[in-house]
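Student: sequence first, then the predicted structure:
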Amino acid sequence: MIRQEGLLLMRLWNAVFNFYGAAVLLFLVVPVLIIVPLSFNSGSFLSYPLNGFSLRWYQAFFHSREWLGALGNSLLIAPLATLLATVLGVLASVGLVRGEFRGKTLVMAIIVSPMIAPVVIVAVGMFFFFARISLLNSYLGLVLAHAMLGVPFVVITVTAVLKNYDRNLSRAAASLGAPPWLVFARVTLPLIAPGVFSGALFAFAASFDEVVVTLFLASPGQRTLPIQMFAGIRENLDPTIAAAASLMVGASLILLLVMEMLRRRAARIRGAEGRF
């Protein structure tokens, strides 16, 4: 009797937790997805109920010089910033995990500080620093700024992977005469690749979605897609914003699927290492 009551209570708690989890998921997802139907509205206003189905706002997006220019800027800046952030983040992670020196914790805190500090403070600091070295209103300045914002994501993910990496594999390769750079390229990097790609995806998302820092550093001709959306909301509530937002939601879903594939690949690699 007592055992049956315990099982009943456990099922009740499981049902409560499942309901709570579903409610939190809906609270987070519904405000994002509610914009998607608006992008297919045939009316000229962002409002429910919809007047009808139409692709006019997607056509407006792909036929607008301003929107396509902003998309082009985002597709130029984000990949370059991601590449730079990934290279710097991987090197920093290797140094932090394998190096033994005083102040390692402080160095780690400084590296991840852009993720923790209010973005407005980071933007103001970048504005004054870049102004002194003549990098305001330049693509190079935007790439460097976005890369700095992406480095913490790469460092955190790669550091977590490196801490579980079997150093004996590198020692075995070195004992066969491979130089350090070849050991890293042929042995270490392939095994930590899921963590590297995950960090790169986070860095790309952070760069592609950045607004505040770009507002401080970019010229009107360097508007990125989020800046164009912000300007459209502030100056003219154009339903084309809904189409642009829906495209960004779709891109985010693709990134999530890729990250899930990388997570499963990393789990398979860990399982294979465990068997040996």
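Tutor: Structure's in. What do you need? Residues are numbered from 1 along each chain as shown.

Student: what's the domain layout of this protein?
Tutor: Using automatic domain parsing, the domain ranges for the chain come out as 2-33, 66-275.

Student: out of those domains, which is the most enclosed?
Tutor: Scoring the domains of the chain by mean neighbour count under mean count of other C-beta atoms under 10 Å gives domain 66-275 as the most buried, with a mean of 17. All C-beta spots, glycine's among them, are computed from the backbone N, C-alpha and C.

Student: so, low pLDDT: which residues of the chain?
Tutor: Scanning the chain for pLDDT under 70 picks out the ranges 1-6, 234-236, 266-267, 269-276.

Student: now do the helices in it.
Tutor: 2-33, 35-39, 56-62, 65-98, 104-116, 119-132, 139-163, 167-175, 180-183, 189-208, 212-217, 225-235, 240-275 (DSSP state H).

Student: got CSV for these, with distance to P49 too?
Tutor: Putting the helices of the chain into CSV (distance: least, C-beta to C-beta, whole Å) gives the following:
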stretch, distance to P49
helix 2-33, 17
helix 35-39, 10
helix 56-62, 17
helix 65-98, 26
helix 104-116, 41
helix 119-132, 37
helix 139-163, 39
helix 167-175, 61
helix 180-183, 62
helix 189-208, 32
helix 212-217, 35
helix 225-235, 22
helix 240-275, 15
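
Student: list the contacts for R264?
Tutor: For R264, the contact set (C-beta atoms under 8 Å, 6 or more residues apart in numbering) is empty.

Student: how close does it sit to P194?
Tutor: Per C-beta to C-beta, to the nearest Å, R264 is found 9 Å from P194.

Student: now swap in G72 and tell me
Tutor: 30 Å.

Student: and F204, by the same measure?
Tutor: Distance, F204 to P194, by C-beta to C-beta: 16 Å.

Student: over to P152?
Tutor: From P152 to P194 the distance is 18 Å (C-beta to C-beta).

Student: ok, the residue nearest to A81 when sequence neighbours are not counted - contacts?
Tutor: Nearest residue to A81, sequence neighbours excluded (C-beta to C-beta, 6 or more residues apart in numbering): H146, at 3.5 Å. H146 sits next to 77-78, 81, 85, 206-207, 210, 213 when contact means C-beta under 8 Å, 6+ apart.

Student: ok, the nearest residue to V120 once chain neighbours are set aside - contacts?
Tutor: Excluding its sequence neighbours, the residue lying closest to V120 (C-beta to C-beta, 6+ apart) is V212, at 6.0 Å. For V212, the contacting residues are 119-120, 123, by C-beta under 8 Å, 6+ apart.

Student: could those go into a markdown table alongside distance to W67?
Tutor: Shown next, in a markdown table, are the contacts of V212 (distance: C-beta to C-beta, whole Å):
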| residue | distance to W67 |
| --- | --- |
| V119 | 24 |
| V120 | 26 |
| A123 | 24 |
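
Student: nearest to S93, of the residues you listed?
Tutor: Using C-beta to C-beta, V119 is the member of these that lies nearest S93, at 23.1 Å.
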